[in-house]
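**Student:** Quick one: sequence and predicted model below, then my questions.
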Amino acid sequence: MPSRETRTAQALHFTDGPTGAVVPPLHTTTTYARDPSYRLPAGHEYTRDDNPTYLPAERLLAELEKGADAALFASGMAAATTAVQSMVRPGVRIVACRAMYHGFRLWLREWCAAWQVDLVTVDATDLDAVRSAVEGGPTALVWIETPANPTWDVVDIAAVAEIARGRGARLVVDSTVATPVHSQPLGLGADLVMHSATKALNGHSDVLAGALVTAKDDEAWQRIRHLRHLQGAVLGPFEAWLLLRGMRTLFVRVARSSRSALALASSLEGHPRVARVLYPGLTTHPGHAIAARQMSDGFGSMLSILVSGGEADALRVVGRLSVFLRATSLGGIESLAEHRATVEGSGTLAPANLLRLSVGLESVDDLRSDLEFALRPE
């Protein structure tokens, strides 16, 4: 079989039989006609979660993650919340990593409080803390994000999977930053992988989408699909078509961005105006050894810097950038910078002097010069 890179670029070697088109078609229909016997000729009934446009992207993502099946959602949050809602019942426990996307962390706290679910957040890089939390109550779900936003902590997926499995809990890994190019959590023991497909999977900052990939097509997975059907939390067919278009360049985009991110992180390390560089590709990163073991072909496009001097200096630096755009998101072809504490607001866990950088496809020399200029003392 051709390599993952070839299969991705060719959308699973797609060609449309009747026309010979090499681009999968876009089906905008919301409903499908029945024949005179009231049968559905192709099995499709209603587009809420049943549109042929979804299928190529789902199949490609399942193949990239080496999973049994994949499902698209209207956003990363829709994918994440559906996974939790389908697998967790009142009276049980969720163990989650403390470092994670702040929007999901806020939802998780509110939902668990309302549904009488015991939520325990831990430093997931501390396996003893994870084990103690999982063994401290009837744990149904362990949720980790690696590398974790915005400090890029690296969690040992295989070790946490073993802990979860030992207590009959399911492990979900948010692998948005790693992408299937760098990491395949299902092969390390995870039960589900979640992606905010808005980010690197799409890669063009023009689609809101989420995805779940399962290791097994089991009863738990069918509950997820059923809940998606009931809630209608699926993206539209045009968004699915755009997502697949973006995924076809996934490997070249991610490889380029990762190389540039490592080059920038290396050049910033030791800079007199930078207190610390957070990037798992650096040997000085506390999770580097684990990242090198469970990631391949790079360490991702995300890094953060802690600016010397505190919040005011960090805001001054981000305000002086001209190549990096001051915007919230990640994984796109354009490089973005943000003061994470401002974006997250009250209750943020991000250090006040942290700037989060999403590295895109621009010249790495231009990006380096932009940062060097912004970091100069006034």
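**Tutor:** In hand now; what should we look at?

**Student:** Show me where the stretch 201-350 of the chain has its strands.
**Tutor:** Using DSSP state E, counting those that start in this stretch, the strands of the stretch 201-350 of the chain run over 210-214, 274-278, 302-307, 325-326, 336-339.

**Student:** what packs against the first one?
**Tutor:** Put plainly, it is strand 210-214. Counting contacts by 3 or more Cβ pairs under 8 Å, 6 or more residues apart in numbering; DSSP states H and E, strand 210-214 packs against helix 54-64, strand 69-73, helix 76-87, strand 192-195, helix 219-231. Just so you know, the C-beta spots here come from the backbone N, C-alpha and C atoms, and that holds for glycine as well.

**Student:** go with 10 Å
**Tutor:** helix 54-64, strand 69-73, helix 76-87, strand 170-174, strand 192-195, helix 219-231 (3 or more Cβ pairs under 10 Å, 6 or more residues apart in numbering; DSSP states H and E).

**Student:** Could you pull out the buried residues of the third one?
**Tutor:** Using 16 or more other Cβ atoms under 10 Å as the test for burial, helix 76-87 gives 76, 77, 78, 79, 80, 81, 82, 83, 84, 86, 87.

**Student:** now the fifth one
**Tutor:** Taking 16+ other Cβ under 10 Å as the neighbour-count basis, strand 192-195 is seen to contain the buried residues 192, 193, 194, 195.

**Student:** show me where the stretch 151-300 of the chain has helices.
**Tutor:** For the stretch 151-300 of the chain, the helices defined by DSSP state H, counting those that start in this stretch cover 157-166, 179-182, 219-231, 237-247, 250-268, 288-294.

**Student:** among those, which is the most enclosed?
**Tutor:** Most buried of the helices of the stretch 151-300 of the chain by mean neighbour count (mean count of other Cβ atoms under 10 Å) is helix 179-182; its value is a mean of 26.

**Student:** what pLDDT, on average, does that one get?
**Tutor:** For helix 179-182, the mean per-residue pLDDT is 98.

**Student:** ok now that helix, how far from the chain's centre?
**Tutor:** Relative to its parent chain, helix 179-182 has a centroid offset of 10 Å by Cα atoms, centre = their mean, to the nearest Å.

**Student:** follow-up on the earlier one: tabulate the buried residues of strand 192-195 in CSV, adding columns for distance to residue 66.
**Tutor:** As requested, the buried residues of strand 192-195 are arranged in CSV below (distance: Cβ to Cβ, whole Å):
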residue, distance to residue 66
192, 13
193, 10
194, 16
195, 14
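
**Student:** which one among the residues you listed gets closest to residue 348?
**Tutor:** Nearest to residue 348 among the buried residues of strand 192-195 is residue 194, at 22.0 Å by Cβ to Cβ.

**Student:** if we can go back for a sec, what's the closest of the helices of the stretch 151-300 of the chain to residue 62?
**Tutor:** helix 179-182 (10.0 Å).
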